[in-house]
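>>> Sequence and predicted structure, then a few things I'm wondering about:
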Amino acid sequence: MNSKEFIINSLRENIKEHFPRPEVNISHIVYPDKLKQFIEISAGVGGRAEVLGEGESIDDAVRRLFPDAGRIACNLPEVSCATYNPDDIDTPAELNGTDLVICRGIFGVCENAAVYFEQEYLQRSIYFISESLLILLPKDQLVDTMHDAYRRVPNEPQGEFRGFISGPSKTADIEQAIAQVARFDVFQLSSAWMAGDMARVARLLDGLQAEGDEPVLMLWSVAEDIRTMIRLAAALRQGKTVAQVRNELRLWGDKAQYAAQAAYRFSAGQWLELLQECAKIDRQIKGAEDGNAWDSLRHLLMRLSRTD
């Protein structure tokens, strides 16, 4: 049994009640000129959609649209103007200072100019940390609304991270905030609790709270770490080493050093309970459950940090 099967089976064993999917039939708008609509809405949300000119290459378009971009990240074979491949770096902190990231979109949504993408880079923060993001999207891959979009989203993504990206909005503000915190504190928080350094965890949380950061940003990081620990624990039980799975699980820097000792800190059932605690904190953040999200997050991280 691989780590994915272990997680899925564990979730199945802990789900007590099943509900059928509802049948939803909604009549929605159909845009006669999808490309025109997508370009107009992109401008309205603070983005910019451009169509390649006749005979214009992607490199030509990059130089035209981003003439001042000095540090350009890309791993796509059709792009030669990139200055570095972000998959060659070891830590997300090294992405800081990137002017432009070029990635591939799968399809776009006309009603809100969102673009669906699936993870193609090892570092997830690459999508949010640069000054500008250029998404390559075939102009015939546009759908009218999010209802159409969700019908196209596959049940099994190629990567472990996927989503919709649009222009400045509340969602984009959160994404940018995640990137900002990810540069400095979130990754430090991960290595601190994995190392069992409760004092450092407390200092980082105090600093983040004092600076006005939202608990949702920290919760995102902690939940991802717990999922990684579940997969790592399964791999270790199969006789694998951290070195063998570090790239697959994105364990770099201090994480690679402390991950094994952290993975043995709890049983499989306890890790799932901790993941359920993350869900509880998420409900507190959204106001769907009583309690102080910051206090709950602090309690969770202290529990994760305990080594006795």
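Thanks, I have it. Numbers count the residues shown, from 1 in each chain.

>>> Tell me which helix or strand V101 sits in.
Under the criterion of DSSP states H and E, V101 resides in strand 100-104.

>>> Give the other helices and strands that the helix or strand following that strand contacts.
Toward the C-terminus, strand 100-104 is succeeded by strand 107-109 as the next helix or strand (DSSP H and E). Where contact means 3 or more CB pairs under 8 Å, 6 or more residues apart in numbering; DSSP states H and E, strand 107-109 is packed against strand 115-118, strand 142-143, helix 146-152. The way it works is simple: take the backbone N, C-alpha and C, and place the C-beta from them, glycine included.

>>> Which one of these lies nearest to R231?
Closest approach to R231 among these is made by strand 115-118 (18.7 Å; CB to CB).

>>> The closest one: partners in the sheet, and parallel or antiparallel?
Partners of strand 115-118 in the sheet, by DSSP bridges, are strand 107-109 (antiparallel), strand 162-165 (antiparallel).

>>> Show me what the first one is in contact with.
Counting by CB atoms under 8 Å, 6 or more residues apart in numbering, the neighbours of strand 107-109 from elsewhere in the structure are 38, 114-116, 137, 141-146, 148-149, 152, 164.

>>> And the helices in the stretch 201-308 of the chain, which stretches?
Remark: helices assigned in the stretch 201-308 of the chain by DSSP state H, counting those that start in this stretch are 215-237, 242-245, 254-263, 268-285, 293-305.

>>> just checking, which of the helices and strands packed on strand 107-109 sits deepest inside the structure?
Of all the helices and strands packed on strand 107-109, strand 115-118 carries the top mean neighbour count, a mean of 22, counting by mean count of other CB atoms under 10 Å.

>>> ok, then the element right after that one?
Elements were assigned by DSSP H and E; along the chain past strand 115-118, the next helix or strand is helix 126-129.

>>> Domain ranges for the chain, per the record?
The chain resolves into domains spanning 25-167, 185-305 when parsed by automatic domain parsing.

>>> how about those domains in a markdown table, adding distance to K16 and mean pLDDT?
Formatted as a markdown table, the domains of the chain follow (distance: least, CB to CB, whole Å; pLDDT from 0 to 100):
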| stretch | distance to K16 | mean pLDDT |
| --- | --- | --- |
| domain 25-167 | 23 | 87 |
| domain 185-305 | 12 | 86 |
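
>>> And the strands paired with strand 115-118: which comes nearest A259?
Set against A259 and scored by CB to CB, these come closest in strand 162-165, at 24.0 Å.

>>> quick check, distance from the closest one to the centre of its chain.
Relative to its chain's centre, strand 162-165 lies at 9 Å (CA atoms, centre = their mean, to the nearest Å).

>>> can you pull the buried residues of that strand?
Residues 163-165 are the ones in strand 162-165 that count as buried (16 or more other CB atoms under 10 Å).

>>> Check stretch 93-109 too.
For stretch 93-109, the neighbour count (16+ other CB under 10 Å) marks 93, 95, 98, 100-109 as buried.

>>> these two touch, right, P92 and F128?
No: at 10.4 Å, P92 does not count as touching F128 under the criterion of CB atoms under 8 Å.

>>> Between those two, which is the more surrounded one?
Ranked by neighbour count (other CB atoms under 10 Å), P92 and F128 place P92 first, with 22 against 19.

>>> ok, now how distant is that one from F107?
Applying CB to CB, to the nearest Å, the value for P92 to F107 is 27 Å.

>>> With E289 instead?
From E289 to F107 the distance is 35 Å (CB to CB).

>>> swap in A293?
Taking CB to CB, one finds A293 at 35 Å from F107.

>>> now swap in T228 and tell me
According to CB to CB, T228 and F107 sit 29 Å apart.

>>> Kindly report the same for I165.
With CB to CB as the criterion, I165 and F107 are 12 Å apart.

>>> which residues are common contacts for the two?
Listed contacts common to I165 and F107 are V115; contacts here mean CB under 8 Å, 6+ apart.

>>> on that earlier part again, TSV please, covering the buried residues of stretch 93-109 and showing distance to G47.
TSV is the format used below for the buried residues of stretch 93-109 (distance: CB to CB, whole Å):
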residue	distance to G47
A93	27
L95	21
T98	18
L100	14
V101	14
I102	15
C103	14
R104	16
G105	12
I106	17
F107	16
G108	11
V109	12
